[in-house]
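Chemist: Only the shape, not the letters, is given here:
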């Protein structure tokens, strides 16, 4: 007979002073998540004139770009590790690796050491992204909204945050240790959080189910392929058309892999792929176009739009989290549609010498992403969320690869500085058009999926939304078909019990909880699911 898989308790163990844990978690998310996402941009070219004469500048720039492949390969493995290692430990380990990479960055004097430092930072960042989400998953509802809003803002402002310490920098090694003070503060918060988590009762955190490990490992395999392609294109001097074709193939592969699972799982995966491919690559190009040397307001003129977009994104995520339960079917496409409008506004207002007008595209992109991510994460469990984050990280590299191909095709044959600026802006406009079409494609895919899934059975063992609350309750219920007495029965004609094992099918005509097997040829009743020994508490 089929026995439901072992799951953690749907509610965390009670802890003393939950407000203290929630406060520490909120501060940790605000510090650690931007620190992790800021590891992605490759900014070494900005300080190339400060490099010593003995360095191969082109090779060093390629080595500096290893942080993103390391991050996207770590995220799925971190999701798998959540089954064995508490989220609080993973957060501390991730920040410790980031701190070690920043300390070692001051001693990097060769391409090999630079590569090691950047890989360490990427691994630490890859641990932080899923671990912080798991840590806030079953805490106060506003914390998950804070995570989604901060995540969206971090993707928007990552390029600007990576460039900020390089203003008037005196050493190229600043790119390897951009925010040592913030790293120290975040590491201290992680240590305090682990101590409080240990002393206040070790509240349980959700973990991916065993069957979800296979999907996470599939993403890791696809991410490894994308990383190999990206490194090859950077090392072998590929032309623009092959680079774009490989990037499109990578995006198609991510969308195909996102199609695995139940409708809610697929909707979340599609959304996170689209956010990963579009948001950071688009914002990075806009930020570079708006630098002072190209006629824009520079970073000092962009912080007000960034700040306004971030505050509105967090507020929108909180509203969605607190008031729109199970609304991912219509809120996620609405958020992606807002991002499409934001990309259209990029074509209209960028470049602009006035930084305030950029609040329009920044707000639309960030709020749209925050709404879409928050809405879809409400429908799924932590395993599916980790799966979507893994696709999002791989999609970010695929988006950078596609944007690079567009720039290469536009900048080929440039002969003057003004022509270079014009072509660079033209590449941004083309990229905004491509990103908009991708968003529309995802919206259509989700709509077709919802229509085809109406009345269908769940796929891949996922529990449908109507059968399980979004926060991971583990009662498995049948259809709402009822007999003449009004009692619900399953699709196979068996009634649902009302006793301690409510939600588990028992043969018709036998009272719930009654011992013994059913009629001849029937499977015996399934006993109530016991608490998992991993919960660390008493049943």
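Modeler: Looks like it came in fine. Worth saying up front: this structure is predicted, and the values here are computed from it rather than measured. Residues are numbered from 1 along each chain as shown.
Chemist: Just say helix, strand or coil for residue 414.
Modeler: coil (DSSP: H, G, I helix; E, B strand; the rest coil).
Chemist: quick one: contacts for it?
Modeler: 420, 423 (CB atoms under 8 Å, 6 or more residues apart in numbering). Yep, even glycine has a C-beta here, placed from its N, CA and C like the rest.
Chemist: so what's it scoring on pLDDT?
Modeler: Among the per-residue scores, residue 414 holds a pLDDT of 74.
Chemist: Where do the helices of the stretch 301-450 of the chain begin and end?
Modeler: Counting by DSSP state H, counting those that start in this stretch, the stretch 301-450 of the chain has helices at residues 303-323, 328-349, 359-377, 382-411, 417-453.
Chemist: nearest to residue 90, of the ones you listed?
Modeler: Nearest of the helices of the stretch 301-450 of the chain to residue 90, taken as CB to CB: helix 382-411 at 11.4 Å.
Chemist: can I get the helices of the stretch 301-450 of the chain in JSON lines with mean neighbour count, distance to residue 65 and mean pLDDT?
Modeler: Listed next are these as JSON lines, based on neighbours: other CB atoms under 10 Å; distance: least, CB to CB, whole Å; pLDDT from 0 to 100:
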{"stretch": "helix 303-323", "mean neighbour count": "20", "distance to residue 65": "24", "mean pLDDT": "92"}
{"stretch": "helix 328-349", "mean neighbour count": "21", "distance to residue 65": "24", "mean pLDDT": "89"}
{"stretch": "helix 359-377", "mean neighbour count": "28", "distance to residue 65": "24", "mean pLDDT": "94"}
{"stretch": "helix 382-411", "mean neighbour count": "26", "distance to residue 65": "9", "mean pLDDT": "91"}
{"stretch": "helix 417-453", "mean neighbour count": "17", "distance to residue 65": "19", "mean pLDDT": "84"}
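Chemist: For the most centrally placed residue in the chain, which residues are in contact?
Modeler: Closest residue to the average C-alpha location of the chain: residue 389 at 3.3 Å, with CA atoms, centre = their mean. By CB under 8 Å, 6+ apart, the residues touching residue 389 are 75, 79, 129, 130, 133, 272.
Chemist: let's see 10 Å
Modeler: In this structure, residue 389 makes contact with 72, 75-76, 78-79, 126, 129-130, 133, 151, 216, 219, 268-269, 272, 276, 373, 377, judged by CB atoms under 10 Å, 6 or more residues apart in numbering.
Chemist: how much space between it and residue 380?
Modeler: Using CB to CB, to the nearest Å, residue 389 is found at 11 Å from residue 380.
Chemist: what number of residues lie near residue 415?
Modeler: Counted with other CB atoms under 10 Å, the neighbours of residue 415 add up to 7.
Chemist: meant to ask about residue 54
Modeler: 7.
Chemist: and the closest residue to residue 254 other than its chain neighbours, what helix or strand is that in?
Modeler: Residue nearest to residue 254 in three dimensions, not counting chain neighbours: residue 273, with 5.0 Å by CB to CB, 6 or more residues apart in numbering. Using DSSP states H and E, residue 273 sits in helix 263-289.
Chemist: helices or strands next to that helix in the packing?
Modeler: Packing partners of helix 263-289 (3 or more CB pairs under 10 Å, 6 or more residues apart in numbering; DSSP states H and E): helix 141-163, helix 212-236, helix 240-258, helix 303-323, helix 328-349, helix 359-377, helix 382-411, helix 417-453.
Chemist: Now do it against helix 417-453, angle only.
Modeler: 170 degrees (axes from the mean of the first three to the mean of the last three CA atoms, to 10 degrees).
Chemist: by how many degrees do helix 263-289 and helix 212-236 diverge?
Modeler: Going by the same axes, to 10 degrees, helix 263-289 makes 30 degrees with helix 212-236.
Chemist: For helix 263-289, the averaged confidence score.
Modeler: The model assigns helix 263-289 a mean pLDDT of 91.
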